[in-house]
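Peer 1: Got a predicted model here, sequence first, then my questions.
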Amino acid sequence: MHTVWVRLNAVVFFGLSALLGFSVLAAISKIGHANRHVPNVKKLQLNKLKSLKAHGGVDRALLSFDLNVDLNPAFHWNIKQLFVYVVAEYKSAKNPRNQIVLWDRIVEASDPREERVIKQDNIFVKYALVDQARDLRGEEVTLQLMWDHMPLTGTLYMGEQDKSKASKFSLPMQYR
């Protein structure tokens, strides 16, 4: 009655229609995940300011911090990994908003649950707090935890620690 090509066409397009339907359901199921699936940040604060120096025409601060965060609530069926990073934010005369990544880590969904809890004291920064001018002295710096959700399917989305719970400290007026 029907040729092989007509039957093959029907099977292929039925499969594509089912795939489209499942993709739409997966996209709908992700709505609101950014608000519901948030890591539990218990502590992020400066531990010790190691140095603040003028170096090659720029100010550079080296520091360590304490971090206690449970990343398990951020994981669900569609998350492959989280890119977690600590950002230092400050204002300067040249730029009203400066953000610098001080430390980062990739946490995989395949990691054991206990490895998704970061509880470390005195973490030394991977990347120095560097200002493009000599404007770091006396500035108030805010440390904030941020993360990027990297899903198996769908779009990437970012999250951040509540700004009201972010830790703040002031840099000294003199180099050390």
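Peer 2: Cool, the structure landed.

Peer 1: could you check the distance from F14 over to F22?
Peer 2: Distance check for F14 against F22: by CB to CB, to the nearest Å, it reads 13 Å. (Each C-beta comes from the backbone N, C-alpha and C, glycine too.)

Peer 1: Output the lengthiest strand in the chain as CSV, nothing but the C-alphas.
Peer 2: Scanning the chain for the strand with the most residues, using DSSP state E, yields strand 40-55. Taking Å, rounded to 0.1, in the frame of the first residue of the first chain, the C-alpha atoms of strand 40-55 are listed here in CSV:
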residue,chain,number,x,y,z
ASN,A,40,23.5,27.7,51.2
VAL,A,41,26.3,30.2,52.0
LYS,A,42,27.0,30.0,55.7
LYS,A,43,30.3,32.0,55.9
LEU,A,44,32.4,34.0,53.6
GLN,A,45,34.7,36.5,55.3
LEU,A,46,38.2,37.9,55.2
ASN,A,47,40.6,35.9,57.2
LYS,A,48,43.8,37.9,56.8
LEU,A,49,45.2,40.6,54.6
LYS,A,50,48.6,39.4,53.7
SER,A,51,49.9,42.5,51.8
LEU,A,52,48.9,45.7,50.1
LYS,A,53,51.6,47.0,47.8
ALA,A,54,52.2,49.3,44.9
HIS,A,55,53.5,47.1,42.1
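
Peer 1: and that strand, which residues are buried?
Peer 2: By 16 or more other CB atoms under 10 Å, the buried positions in strand 40-55 come out as V41, L44, L46, L49, L52.

Peer 1: Let me see the mean pLDDT of that strand.
Peer 2: In this model, strand 40-55 has a mean pLDDT of 88.

Peer 1: Each with direction, which strands does that strand pair with?
Peer 2: strand 58-70 (antiparallel) (DSSP bridges).

Peer 1: Many thanks, I have nothing further to ask.
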